[in-house]
Each structure stands twice: as C-alpha cells, then as structure tokens.
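Novice: dropping the sequence and predicted coords here.
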Amino acid sequence: MKQLSTFSFLFIFIFTITLNSQFVRKVIVEEATNASCGPCASQNPTFQKWLSNHLDRVIPVIYHAWWPGANDPMYTYNKTMNQTRIQYYGITGVPNGRVNGKIAPSSGSWYQGAVADTVALNAQLNAESFYSFLSVMITGFTYNPNGNGTIKIEVTSIKPITNVYLRVVICEVHHYYENAGSNGEKNFYYVARQMLPDARGTLITLNENETRTFEFPFSVDSSFTDDLYAVAFVQNDNTKEILQGTWTKNFPFKEPDFALFVLEQNLVNVGKQSDSFELETLILNNTNNSATFNLSIEGKENLPSDWTATIENNLTAVTVDPQTKKSVKVKLTVGETPYASDLKLKVSLLDGSYTETSSSLVIYHKGINRLHILAGETSHSIQPIIDEGLASGYMFNINEKDFMTFSNSFASLKTIVWDGSRSGAFSAASANIILDALNKKQNILICGGSITSGMVSNGILPYFGISFINYCREGYGQAPNPVTLAGVPNDPITGDFGDKIQGYLISYLLPLYKIVNPNTTTPIMTFAKSADSICAVKVELSNSRAIILGMNPYIIANENLRKTLITRSLLWLERRLSEVLIENANVDDIQVVPNPTNSTAFLKFNLEKPASYFKIDIFDTYGRQINTNHDGSLISIGEQSFKISLTNFPNGLYFIRVNLDGKTKILPIIKVNYD
C-alpha cells in the first residue's frame, strides 16, 4: 500500500483495435504464491523484474494460496477467490504461473510453471498471437476512497463464439506487509483482491460482430484505493486458454511490422474420408510499404498420398499493400488412410527478414486405431520411442483436453496411452479417460513419474488388480540418483531384460505396488533387490488388456531397453506379441545387425549344439507372417550368420521370430530408406 491520495473519482477508457477485423491481444499472466513459501521468495524478484520488462503486453494477476502458510493475509482477505482460481488450474505447488491460461514448457532443470524460468516465460509469450478475434474494453472504472466502485466492460467478437467466460478482477498494484508470512517477503505486487461477480465469472455467447456490455459494482478495503487497477479477460474453460484481456493501465505497445493471424477458432477436429477443413489466416502489413510474401504449407510432405492440402487459388506468393491485410486459406481434405494432420501456413518475406508460421491445423481421421495422450512435460514424452520402435504413424499424439472433447468421434480406437511423462499429475479428468476406455473395451498403457498418488485418490488402481504400498526409497534424494530394476523371468515383455537394469531417477520416487487380483494381474518389472517390489504390471481384462508402468521409461539408462519395453508393451496389449519363452539354452547373444537397415541384415548367434529344427520367420506389426528365411535343421555349431533380406519391404518395423527346437525368440528390426 502506498501513501493514500485524496480523490473521489477515477475514470479510465481503453480501446485497442486495429485494421477492422482483428484486435491487439494482451496476455494475462497469473501466478499462485504464498507469503510463507521459501521458493516464492527466491523466485518472485526475478518474476517481478520480468513482468516490469513486459508490461506493454503482459497483464499480471497474482493469487495467494493457503499453503504453506494458511494465515497469509492476501489469501485470507478473499479465500474463495484464491481457492477457486488456484484449483481451476490444478496447481498443487507454489510458486506456479500461467501465461494466457497455459503452463509454459520448462527449460533446463526448472519445473513446469516456475515463475523464475524466464526462458520458458519468454518462449510462451512469443508463442502467443499478437491479435485476437475478440475485443475486451474497460469503458468505465470508477471508485471512491471508501472502496466502493463500478466497472463497465464491452466485449465484441468478429466471429460467433459460445461457452466462454468473462472474468473481471480488481487488483492492487503494491502492498507492504511487515509480517505477511515466514519467507521474508514484505512487498507484494499485483495482488488479486476481488473477482466480479465472483471467481466463476460470467458465461457469455456472442454472434458475429456482436457487442455486449457488462457492468459490475464492487467494494474493497479502503486501504487499497490508492493503488487499484482492474483486469477483464475472456477465457475458454474447455482449454483454459485466455482469448483476450485488457486492464486499466496504459503501457504503449508497438505492433509488429508484419504478423500472421489465424481467424479460425477450432484448429482441432475429427473427420472422415472426403471431409474438408480450412485454416483461415490474415497476413498483416503494418508498414508504409508494400510487402510480398512467399507461401507454403508446413507438414504437407508428411500427409498420406490420399490426403490433400492446398492454398486457396494455388497461391505461392502474395503482395500485401501498406497498412492493410490479406486473407489466405489452407484447405485440407481427409483421405482414406487413418492419419492425423499437423499443418501450418508458413509466410516469409522474399528477402528472408521475416518468417512466421501459423498455429497447427490438426485433423484426426475417425478411423485412427491408437492415440497417445501426453499429460506431462514434453521432454520425457514416450511418443518418440513409439515412433522409433513401431514406425511413424503407428500412434498419434493428442492432448488430454482434445481427447476428452473428441473421444466419442473415433470409430475404431482400440488402444490409448496415457503418458504422465515426468511431472504429469493423474487428475479426475485422467480418471474419466481411463474409465471411459475400460467401458469401451480399449487397451490401455498408463505410465509416468508422478501418477500413482492421483490414481490412488481417484480410485483407479483397483480396476487393475493392484494397490499402492509406498514409494521405494531406492534412489531417494536429488535426481538423478541410481536405481536398479529387474525384468520378470518368462514374461513376454521383460523376460530377457535380466535383473540388473541400470536406472536413474528423473525427479520422482518409484511406487511399490501389491497385486491384489492375481487372476488378472502379473508383474512385468520390479526392483532388483526383491521380486515382490513391483513397480509395473500387465493386466488381462475380459475384453481388453492394460499395462501400468509406475515410472517414466526414460529412467532406464539403456536406450534399447526403453524402446523394447514400450514396443513390446504395445504389441502385447493388442495380442501381437506371442507368449514366447525368451530363454533359450541353445542360443547365446542372438542379435540382428545392422539394425536399422536399408536392405539387408544378418541374424548372428553362437550355437552350442546342433538343432534338429530351426526356422526364421518375418512378421509385420499386425502379426502377419510375410516371409520365411530358413526352415530346416541346423547341424553346425559355433558362430552362425543368416542373411535377412528386406530389399522389397516398405519402410517400417518388422519382427524376426527364431524357432530353435521349439523354443522361440522375437527380435525387432527396422527397415529405413537412407536415400
């Protein structure tokens, strides 16, 4: 609180509009903090400095949590508001921030949402569009020294929009507390004091080019009135993205010389063969000179041949006059092949001084069989492992919110992966995904470093015949601490992994599971010290299968073992991996080299004694036998080498099955064209 100035009336008018059909977009940056939080005290100075350097574009709103200090006066002033907004984002640790409702991907060793991670904050800020199809204006803001006031707001949309919320916050720029908490902070900035009419906001619907006006009275403590500002923003509760915001401060903002603005609201959808979708954009030229831009579609080269993507009128370049804009549309037509597009319009000046790509147009074919739901941070996603082990196009990425929206649109979905990555929490929404998949008899792989507590609290573990005992203390401490894991003998997934699998914790302890239904559930991975220290299981349900990995596979140091674990797990889920006996006393160190190969590989091993029956078969990922390389006896002993030809095979993953006197082993091999 600064020294109180005597006044009776304050009126601020803000109107930000440009080029008739889009509006300059402000970015709302929210933080959850607490006056007794040690990390908050260490991170907030860096965060405040970052905010002060970006107030031309950024609008700060800071809430105070009820932990670790429940008596934080900024929390106790408005408990309901603070609880509602912090719980809205699922924040369980402070300090934690959001940029336009999104959590910035972490950089370096920072956790997601760390407010001192300025690299992440800058990256997310730069990723936010400079423009919006919505205008939010505060047309009146009046209050008097006793804290009573009124705010008036106008919201305009150039496109129809439904089911979004207008949220209004009265904030205090600065307040000094001598003893707000135990972390030593005394100066607090951008403190949220009241939301209007409450923290839930006002549900609004707008037609094309419609304007709606809202007015809210408010009352705050009179000691705040020398330092108040108001914030208004429109938020989509399905995605939590803030579409537009404004405030009663006025920091001049210079528009960029050139910009690419996406007019489409729905860039994710599901379609069938022959359905068409558009990516509608505007190229803006804010300079006083004409500018010519090259046009191209990024991601078009990855589409199957029966999908088409074109720029309207087959344009490859476009000239935009000074202080004007030009519309450019990309049209995508879905083909027969189940696939998921990831298309972006790329525009660049002829001299290369400016290049920008649009948001992605992501269209899923309704016939897709497999989806990977990444619910944690991206650096430990298992999708690259899936692509490498089972070929690109075997499984497609989708975020949790989009899956919740479109899950019923997929007609052929049979396998999902819920990937908590390193830090993804298992929420009630995650539990709904899993329960829905079980009801639809879909196969499920669940993995992640911090999923177990959420699975316990949401009651999911019993569905898989396991209960949670505790977290193993092996590796406890600052990651990466070593752990030693083991496969389970005779298991089709990990039976040949051995009992000395070197691992390094990423950031979280590994759970210990207890099997409570041995009729459905068996272990696939344990700690090396005990076969009863189970950290991963496979589950045979009546009409589907499931695998629970209580860890992220990246803790396994050996890259090949990581790939093998995920590849075999997915193949086992879909009954494409035979229940084979991995151990083979006659075969020592069997291997396929080179792998990957572009044409020919060799199966090599050492034979201790002759075999009356020896056969080499090659299968595709659907379990179809496509070739037999050898079928007969094997009388020579010692080193063996058999040629495996993939010359006429398409690129992708295949499996070599070796049968030696009735005992079999399966090895993956990847065909890649290096040209």
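Specialist: Looks like it arrived, so ask away.
Novice: could you find the closest non-adjacent residue to N34?
Specialist: A65 (4.7 Å; C-beta to C-beta, 6 or more residues apart in numbering). Bear in mind the C-beta positions are built from the backbone N, C-alpha and C, glycine included.
Novice: so that neighbour makes contact with T33?
Specialist: Yes. If you go by C-beta atoms under 8 Å, A65 and T33 touch, sitting 6.9 Å apart.
Novice: now the strands for the stretch 201-350 of the chain?
Specialist: For the stretch 201-350 of the chain, the strands defined by DSSP state E, counting those that start in this stretch occupy 202-206, 210-219, 228-235, 242-247, 258-262, 268-271, 276-285, 291-298, 308-311, 317-320, 324-333, 344-349.
Novice: just to revisit the earlier point, now for the residue nearest to N34: which residues touch it?
Specialist: 32-34, 37, 72, 75, 82, 86, 91, 94 (C-beta atoms under 8 Å, 6 or more residues apart in numbering).
Novice: doesn't L571 fall inside a helix?
Specialist: Yes. Applying DSSP: H, G, I helix; E, B strand; the rest coil, one finds L571 inside a helix.
Novice: report all helices and strands that the helix or strand bottoming out on mean pLDDT in the chain contacts.
Specialist: Scoring the helices and strands of the chain by mean pLDDT, DSSP states H and E places strand 587-593 at the bottom, with a mean of 73. Where contact means 3 or more C-beta pairs under 8 Å, 6 or more residues apart in numbering; DSSP states H and E, strand 587-593 is packed against strand 600-607, strand 652-660, strand 663-671.
Novice: against A192, how distant is the residue nearest to N34?
Specialist: 12 Å (C-beta to C-beta, to the nearest Å).
Novice: so what sits against both of these two?
Specialist: Joint contacts of A65 and A192 (C-beta under 8 Å, 6+ apart) are N82.
Novice: what separation do you get for the closest residue to G424 other than its chain neighbours and I446?
Specialist: Of all residues not flanking G424 in the chain, G376 sits nearest, at 2.7 Å (C-beta to C-beta, 6+ apart). Relative to I446, G376 is positioned 12 Å away (C-beta to C-beta).
Novice: who's more crowded, the two?
Specialist: Counted by other C-beta atoms under 10 Å, G376 and I446 do not tie: I446 has more neighbours, with 26 against 23.
Novice: joint contacts of A65 and T33?
Specialist: With C-beta under 8 Å, 6+ apart as the test, A65 and T33 both reach V94.
Novice: run through this structure and note the low-pLDDT ranges.
Specialist: 1-21, 577-588, 612, 622-623, 635-636, 662, 674-675 (pLDDT under 70).
Novice: for the lengthiest strand in it, which residues meet the burial criterion?
Specialist: Counting residues, the longest strand found in the chain (DSSP state E) is strand 161-176. Counting neighbours by 16 or more other C-beta atoms under 10 Å, one finds that the buried residues in strand 161-176 are 161, 164, 166-173, 175.
Novice: could you dump those into a markdown table with distance to T494 added?
Specialist: What follows is these, written out as a markdown table (distance: C-beta to C-beta, whole Å):
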| residue | distance to T494 |
| --- | --- |
| I161 | 50 |
| V164 | 48 |
| L166 | 53 |
| R167 | 49 |
| V168 | 55 |
| V169 | 52 |
| I170 | 57 |
| C171 | 54 |
| E172 | 57 |
| V173 | 58 |
| H175 | 57 |
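Novice: show me which of the residues you listed is closest to N294.
Specialist: When the buried residues of strand 161-176 are compared for distance to N294 (C-beta to C-beta), I161 comes out closest, at 32.3 Å.
Novice: what pairs with the closest one across the strands?
Specialist: Note on I161: beta-bridge partners by DSSP bridges are L206.
Novice: again, but for N606
Specialist: D588, E639.
Novice: what of the one 10 residues further on?
Specialist: Beta-bridge pairing of I616, defined through DSSP bridges, involves H630, V658.
Novice: hang on, it packs against K643?
Specialist: No. Counting by C-beta under 8 Å, K643 is not a contact partner of I616; they are 9.9 Å apart.
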